[in-house]
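A.B. asks: Please find the sequence and the predicted model below.
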Amino acid sequence: MNFTNFGRYILLLKSVFRRPEKMKIYLKEIAKQMDYVGVGSLGLIAIISTFIGAVMTLQIAFQLVSDFIPKTIIGSVNRDSSILELSPTISAIVLAGKIGSAISSEIGSMRVTEQIDALEIMGINAPGYLILPKIISGITMVPMLVIISMFLSITGGYIGGSVSGAVTPAEYIQGITTDFNPYTITVALVKAFVFGFIITSVPAYEGFYVRGGALEVSQASTRAVVISCISILACDYIVTQLLL
Amino acid sequence: MIEIKDIYKSFSGNDVLKGISGKFEEGVTNLIIGGSGSGKTTLLKCMVGLHQPDSGSVLYDGRDFTPMTYEQRIEVRKEIGMLFQGSALFDSMTVEENIMFPLNMFTDQSRKEKLERVDFCLERVNLAGKNKLFPAELSGGMKKRVGIARAISMNPKYLFCDEPNSGLDPKTSIVIDELIKELTEEYKTTTIVVTHDMNSVMGIGDYILFLHEGKKFWEGSNKEIAHTDIQELNDFVFASRFMKAAKDKF
């Protein structure tokens, strides 16, 4: 994003947060978007998180070659990695692909078929009506998905360790319950909130300013996912630096 | 009445509108005509505020629209209905929801009242009973009629139509033209139609403004248009063999 685009992005956000014309309609739209972002992504997040947790356990066990290191450490490392990094970041990148491309295509198609112009002519704040419900659903549902992802990732580690014999269930449970720092959850939720904002607002921006036809809509969709992923990784570093 | 005064608009140094002025009266069908790239759609977009003119003014019954704030424009826009070239119906909504959408946003009517209004608008465009269909299930002509029904749902004072006949067969085009004319006369709206369809020009053009290369070249009625000496206008109006033959005959 160059400075012109960043400026336009900020101006678009200013329009997004204008007072809604009718709160009842916006609330209905927010509920619809929450269902799509949250419930609609639950299955995908569950599968990815469980497998990542299981694979993490196997890889940590593989790297622990010293007999001086207790096996309980596998549970601890898996827990902290899942909470601090894997659940928020991997979930966000996956969601950027799934939700981000859908948002960009939807808004982009509305732009090229003059539906956004139709909203403007009716006197409706198009950025507010189209983007605000998506951003609200992103900043509320992504943290919830991340909490579920944390739980499933740790559970996946338990299953992976037990099935493969890399770590006994007792050692794993002891590992995940030893020296737990609840602050890591706070850090993960802050990340999830920021990522939820990026996943919804960046693709919305890309879609909103599309010019042309189907080709440009698809290009905007690709650009939206790429920029969202890079922004997620950059913000991941910044938030980690600031909070840890 | 809508009045435009000395409208200029350029894009990246390319002058598209070069000082256009005109008056569009209520209760008559006003046409903006011109060839492709003549600036007619840009002029329409400047009038409704989708583009900001570089200079000049657009007056809605004396209210200057161009310097208005966002909130002031919203009030004027509630009085505007617009039919888009591609109809611009919301894909995710049924016909009924499309027409009801502005009513939901800006009125406190009960659901029953809104449904009655939807039925009335659909009846007015001869699409009674099509409430539950989605835009994807409609033909081009039906989409245009739903677009008109949505445009009139709020009882607009000003009705804009951007190429209402594009992509339609001649018979359906005439139906749409007649519908626009009927609604204009019935509700006394100030109607502005952007078109390059000669059937529309001859059929419903009470007042015609001809644009050529971003300038106003001629204004008058459909009765006068066949008798002008302006070369650019004659080249446009009588471009087809059929129109040429018709002119020679009469």
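C.D. replies: Sure, I can see it.
A.B. asks: Residue in chain A with the shortest distance to chain B?
C.D. replies: Distances between chain A and chain B by C-beta to the nearest C-beta are smallest at A:Gly123, namely 3.6 Å. Quick note: C-beta positions are derived from backbone N, CA and C, even for glycine.
A.B. asks: Burial check on that residue, number of neighbours?
C.D. replies: If you count neighbours by other C-beta atoms under 10 Å in any protein chain shown, A:Gly123 ends up with 19.
A.B. asks: Who are the contact partners of it?
C.D. replies: By C-beta atoms under 8 Å, 6 or more residues apart in numbering or on different chains, the contact list for A:Gly123 reads A:Glu21, B:Arg73, B:Ile74, B:Glu75, B:Arg77, B:Lys78, B:Ile80, B:Met105, B:Phe106.
A.B. asks: How about it, nearest residue that isn't a chain neighbour?
C.D. replies: B:Arg77 (3.6 Å; C-beta to C-beta, 6 or more residues apart in numbering or on different chains).
A.B. asks: that older thread, just the buried residues from the contacts of A:Gly123, in PyMOL please.
C.D. replies: Buried subset of those, written as a PyMOL selection, criterion 16 or more other C-beta atoms under 10 Å in any protein chain shown:
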select buried, (chain A and resi 21) or (chain B and resi 73+74+77+78+80+105+106)
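A.B. asks: What is the nearest of the contacts of A:Gly123 to B:Asp15?
C.D. replies: Taking C-beta to C-beta as the measure, B:Arg73 is the one of the contacts of A:Gly123 closest to B:Asp15, at 25.2 Å.
A.B. asks: and the residue nearest to A:Gly123, how far is that from A:Asn125?
C.D. replies: The gap separating B:Arg77 from A:Asn125 is 11 Å, by C-beta to C-beta, to the nearest Å.
A.B. asks: quick one: contacts for A:Tyr129?
C.D. replies: A:Pro20, A:Glu21, A:Ile25, A:Tyr26, A:Glu29, A:Leu119.
A.B. asks: Buried residues, the helix or strand in which it is found. List them.
C.D. replies: In this structure, A:Tyr129 sits in helix A:126-164 according to DSSP states H and E. Within helix A:126-164, the residues that count as buried by 16+ other C-beta under 10 Å are A:126-161.
A.B. asks: And stretch B:170-189, by the same measure?
C.D. replies: B:172-177, B:179-181, B:183-184, B:187, B:189.
A.B. asks: Contact partners for the closest residue to chain A within chain B?
C.D. replies: Using C-beta to the nearest C-beta, the single residue of chain B nearest to chain A is B:Arg77, 3.6 Å away. Going by C-beta under 8 Å, 6+ apart, B:Arg77 touches A:Glu120, A:Ile121, A:Met122, A:Gly123, B:Val48, B:Gly49.
A.B. asks: Isn't the last one up against B:Phe65?
C.D. replies: To tie it back to what came earlier, the one meant is B:Gly49. Yes - using C-beta atoms under 8 Å, B:Gly49 is in contact with B:Phe65, at 6.4 Å.
A.B. asks: and for the two, which residues touch both?
C.D. replies: Shared contacts of B:Gly49 and B:Phe65 (C-beta under 8 Å, 6+ apart): B:Arg73.
A.B. asks: Return the residues in contact with B:Ile2.
C.D. replies: Applying C-beta under 8 Å, 6+ apart, the residues near B:Ile2 are B:Lys23, B:Phe24, B:Met47, B:Val58, B:Leu59, B:Tyr60, B:Asp61, B:Tyr158, B:Thr190, B:Ile192.
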